[in-house]
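1. Next come a sequence and a model predicted from it.
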Amino acid sequence: TGVVPFVALLLLQRRPVAGRALLGTGPGCPGHGLCRSNVLEQTRRQVALLNATAQDLFSLYLKCQGEPFSSEADRLCNPGGIFFPAFHVNRTSERKEVMVAMYKLFAFLNASLGNITRDQEELNPTAKELLDRLHNTTKTTRGLISNLTCLLCKNYNIFQVDVSYGESSKGKSAFKKKQQGCQVLRKYVQVIAQAARILLPHLSPP
């Protein structure tokens with residue numbers, strides 16, 4: 001545990017470990033100079049894209065894992081034991097609360113995608129379409145984190161946020177790695193749909 005600024009968090013995307021950074025405000029926010037003029041619209045597009053492609057990514061992942069995942073997805077990919085960051089905001093929450101909750105969610109997701117991608121590069125190195133999808137999703141997520149960093153800094157002078165990272169699959173069997181990946185991605189499909197419903201109205205122009 002420890003205080004981890006945004007810049008350091010962006011370097012942790014391939015390290016799915018437990019971590020904590022304290023929420024704080026201050027004059028040294030690193031994101032002030034990073035905002036583009038269209039940052040709100042770009043963030044809207046990124047959230048919408050992740051939501052629109054999540055189910056296809058999950059379906060492709062299942063297809064590439066082979067049996068028994070293809071035929072027993074409901075049993076093997078039940079995400080009951082996968083805990084994404086708590087998401088206690090809704091459409092009526094203040095924009096700042098929503099932005100902080102989103103940052104926690106996508107920091108977690110970014111680390112989880114890095115974990116899944118690493119495993120698939122090892123287990124399915126010839127599954128080019130799946131690996132491309134994973135890389136593209138990760139790229140979009142990183143861009144979204146960068147934009148949320150900018151918005152939190154610029155609008156609220158927040159540069160540190162509580163974050164947590166999921167369980168690493170290092171050292172697990174090939175089957176367990178595949179199962180953890182499909183559980184995380186199924187949970188992702190559910191969570192990103194909820195996140196899009198809540199976040200998109202808050203990103204509308206004033």
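-> Received the coordinates, thanks.
2. Which pLDDT value goes with Val7?
-> The model reports Val7 with a pLDDT of 40.
3. State the mean pLDDT of stretch 74-84.
-> 90.
4. which of the residues in it are buried?
-> The neighbour-count check on stretch 74-84 (16 or more other CB atoms under 10 Å) flags 76-77, 79, 82, 84 as buried. Using the backbone N, CA and C atoms, a C-beta is placed for each residue, glycine as well.
5. and if you look at stretch 169-179?
-> Residues of stretch 169-179 classed as buried: 169, 177-179 (neighbour count, 16+ other CB under 10 Å).
6. Show me the buried residues of stretch 74-84 that map onto helices.
-> Residues of these located in helices (DSSP state H): Leu76.
7. Name the nearest of the buried residues of stretch 169-179 relative to Arg36.
-> Checking the buried residues of stretch 169-179 against Arg36 with CB to CB, the nearest one is Ser169 at 35.3 Å.
8. quick check, that closest one in a strand?
-> No. Read with DSSP: H, G, I helix; E, B strand; the rest coil, Ser169 is coil and lies in no strand.
9. Next, the contact list for it, please.
-> Contacts for Ser169 (CB atoms under 8 Å, 6 or more residues apart in numbering) come out as 115, 119, 176-177, 180-181.
10. of all these, which comes closest to Asn155?
-> Asn115 (31.1 Å).
11. Next SSE downstream of whichever strand or helix holds that closest one?
-> Using DSSP states H and E, Asn115 maps to helix 95-123. Counting by DSSP H and E, the element after helix 95-123 in chain order, helix or strand, is helix 128-156.
12. Could you list the low-pLDDT ranges of this structure?
-> Residues of the chain that meet the criterion pLDDT under 70 lie in 1-34, 205-206.
13. let's go with 90 and repeat that
-> 1-40, 70, 80-99, 150-151, 153-168, 170, 194-195, 197-206 (pLDDT under 90).
14. any idea what sits nearest the residue most central in space within it, other than its immediate chain neighbours?
-> Of all residues in the chain, the one closest to the mean position by CA atoms, centre = their mean is Leu109, 2.3 Å from it. Leaving aside its chain neighbours, Leu109 sits nearest to Thr141 (5.8 Å; criterion: CB to CB, 6 or more residues apart in numbering).
15. Make sure the residue nearest to the centre of the chain is actually in contact with Tyr188.
-> Yes. Counting by CB atoms under 8 Å, Leu109 touches Tyr188, with 6.5 Å between them.
16. picking that back up, can you pick out the most distant pair from the contacts of Ser169?
-> Asn115 and Lys176 (12.3 Å).
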